[in-house]
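Participant: sequence? don't have it. structure:
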């Protein structure tokens, strides 16, 4: 996998600049490129998630909503998009303090499997 974890390198993976209050980050940044399919895993904010134009520009059709259960899946009614709701903020509560590496890996396994399957399909 090709990793892209620096703010200045984000644009190389198709970062989208928006009205972010953080000068070094974008509304959407590419982090990882699948080695054979070329699919890119992006991390973005609510501005990017809510904009079909931004999603279309980057070929994004699979979206992980990591916010709480009360946050919107903006385009859930549109069958062109697939969503996984994974409220990452709950991991510490669900696993408890001092969770083993195996327990953490098992907890995040659903997320990893979903992302792996989506990136194996390649870009939309």
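Facilitator: Sure thing, it's come through. If you're wondering where the values come from, they're calculated on a predicted model, not measured in any experiment.

Participant: spatially central residue in the protein, please.
Facilitator: Nearest to the geometric centre of the chain sits residue 43, at 4.4 Å (C-alpha atoms, centre = their mean).

Participant: what residues are up against it?
Facilitator: Neighbour list for residue 43: 28, 29, 31 [criterion: C-beta atoms under 8 Å, 6 or more residues apart in numbering]. Placement of C-beta: from N, CA and C, glycine included.

Participant: and the closest residue to residue 41 other than its chain neighbours, how many residues sit next to it?
Facilitator: Nearest residue to residue 41, sequence neighbours excluded (C-beta to C-beta, 6 or more residues apart in numbering): residue 32, at 4.3 Å. Neighbourhood size, residue 32 [other C-beta atoms under 10 Å]: 18.

Participant: the host helix or strand of residue 32 packs against which elements?
Facilitator: Here residue 32, judged by DSSP states H and E, is contained in strand 28-33. Counting contacts by 3 or more C-beta pairs under 8 Å, 6 or more residues apart in numbering; DSSP states H and E, strand 28-33 packs against strand 2-3, strand 40-44.

Participant: touching, residue 74 and residue 50? I think so.
Facilitator: Yes: if you go by C-beta atoms under 8 Å, residue 74 and residue 50 touch, sitting 4.5 Å apart.

Participant: how far away is the residue lying farthest from the centre of the chain from residue 115?
Facilitator: What lies farthest from the middle of the chain is residue 98; by C-alpha atoms, centre = their mean that is 26.2 Å. Residue 98 sits 27 Å away from residue 115, going by C-beta to C-beta, to the nearest Å.

Participant: what residues of the top helix by length along the chain count as buried?
Facilitator: Among the segments of the chain that qualify as a helix by DSSP state H, the longest is helix 101-120. Buried residues in helix 101-120, counted by 16 or more other C-beta atoms under 10 Å: 107, 114, 115, 118, 119.

Participant: residue 88 is in contact with residue 68, correct?
Facilitator: No: using C-beta under 8 Å, residue 68 is not in contact with residue 88; the gap is 9.7 Å.
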